[in-house]
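Novice: Give me the fold of what follows.
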Amino acid sequence: MNSPSLPRVVSREEWTRARKELLAKEKELTRARDHLNAERRRLPMVLVEEPYVFHGPHGKLSLLDLFEGRHQLMVYHFMWLWQDGKAKDRGCPSCSSFGDQVSKGHLRHLHQCDTTFAFISRAPWEKIAPFKRRMGWLVPWYSAEGSRFNYDYHVTLDESVTPIEYNYRTPAEHQQAGNAFFLDWPQPFDLHGMSCFLRDDDRVYHTYSAYARGTEATGGSYYFLDLTALGRQEEWEEPKGRSPGLGLSAGNSGIKYPDEQEELSDSDGARPSGASSR
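Specialist: Residues are numbered from 1 along each chain as shown. Below you'll find the predicted structure:
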């Protein structure tokens with residue numbers, strides 16, 4: 001494994017000057033993000049007229065049911081793994097890494113803001129339920145099996161059902177942008193995304209959807225790593241050579257499911273190093 005290319009070592013005074021220069025740019029970004037969020041809230045909305053049917057632990061459900069009486073619904077389109085047209089017994093490892101970061105605290109705060117958060121996958125509920133138990137997650141999770149939902153929101157791609165589009169681009173547009181590699185799968189196949197809905201009495205409106213890196217707006221561990229010297233440890237990051245092979249990038253085949261990773265429940269912190277430490 002190669003050693004990372006580390007930052008320059010300077011005096012505290014020089015570091016403070018550089019940090020203040022960066023702080024000014026961070027403040028600009030904060031204000032720009034506030035402006036962008038306001039623009040997002042100003043987006044128009046579309047009435048959802050399709051009578052989607054979902055499946056969960058309490059039987060068949062409508063999209064309105066998924067709100068659980070609240071006024072907003074956020075949906076994470078959770079990718080499932082398939083083989084020869086049949087659902088496997090587990091979801092996508094990278095989506096699982098995201099799912100493991102949705103804590104009780106997230107759900108509680110969202111509920112206080114009159115917002116419900118849920119996962120939806122194309123897999124049958126009979127496949128989702130045991131995997132959800134295995135992961136130990138509290139997030140509501142529903143199956144869209146037999147529904148157009150995944151196809152209409154462009155997270156299941158199958159040109160025999162609807163024209164291929166992902167992240168608001170056609171395959172030709174992705175090819176022109178140089179990122180059509182993720183479309184080279186046997187159809188139908190799933191990708192991830194995030195969609196938001198608003199309820200007005202019994203009417204449901206679609207207000208927002210994001211895909212690919214657009215889902216990062218929810219934060220999570222990536223935003224923590226962005227503050228560190230080694231960053232997310234992805235090949236596309238600058239400066240180059242900062243973290244060669246130190247971590248697992250998104251989509252890496254070495255990513256483990258949460259229950260296969262380190263056990264944290266009995267961790268009470270670090271121990272002093274050295275045999276003579278007390």
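
Novice: Within the sheet, what are the partner strands of the host helix or strand of residue 90, with directions?
Specialist: Applying DSSP states H and E as the criterion places residue 90 in strand 86-91. Using DSSP bridges, strand 86-91 pairs in its sheet with strand 80-83 (antiparallel).

Novice: So what touches the strand it pairs with?
Specialist: 87-88, 90-92, 121-123, 127, 188-190 (CB atoms under 8 Å, 6 or more residues apart in numbering). C-betas here are computed from N, CA, C, even on glycine.

Novice: From these, pick the one nearest residue 51.
Specialist: residue 122 (17.6 Å; CB to CB).

Novice: got the contact list for that closest one?
Specialist: Residue 122 neighbours (CB under 8 Å, 6+ apart): 80, 87, 143-145, 150, 156, 188, 190.

Novice: Need the max-distance pair from those.
Specialist: 143 and 188 (15.0 Å).

Novice: higher neighbour count, those two?
Specialist: More crowded of residue 143 and residue 188, by other CB atoms under 10 Å: residue 143, with 25 against 16.

Novice: Just to check, that one is in contact with residue 54?
Specialist: Yes: using CB atoms under 8 Å, residue 143 makes contact with residue 54 at a distance of 6.3 Å.

Novice: Can you tell me the SS state at residue 215?
Specialist: Using DSSP: H, G, I helix; E, B strand; the rest coil, the structure places residue 215 in helix.

Novice: about what we covered before: just the contacts of residue 122: which are in strands?
Specialist: Among these, the members falling in strands (DSSP state E) are 80, 87, 143, 156, 190.

Novice: Nearest to residue 205 among those residues?
Specialist: Ranked by distance to residue 205 (CB to CB), the ones in strands among the contacts of residue 122 are led by residue 156 at 21.9 Å.

Novice: can you tell me how far that closest one sits from residue 198?
Specialist: 23 Å (CB to CB, to the nearest Å).

Novice: burial of residue 54, as a residue count?
Specialist: Neighbour count for residue 54, taken as other CB under 10 Å: 21.

Novice: Equivalent analysis for residue 168, please.
Specialist: Residue 168: 11 neighbours (other CB under 10 Å).

Novice: Show the contacting residues for the closest residue to it other than its chain neighbours.
Specialist: Nearest residue to residue 168, sequence neighbours excluded (CB to CB, 6 or more residues apart in numbering): residue 211, at 7.7 Å. Residues counted as contacts of residue 211 (CB under 8 Å, 6+ apart) are 154-155, 166-168, 191-194.
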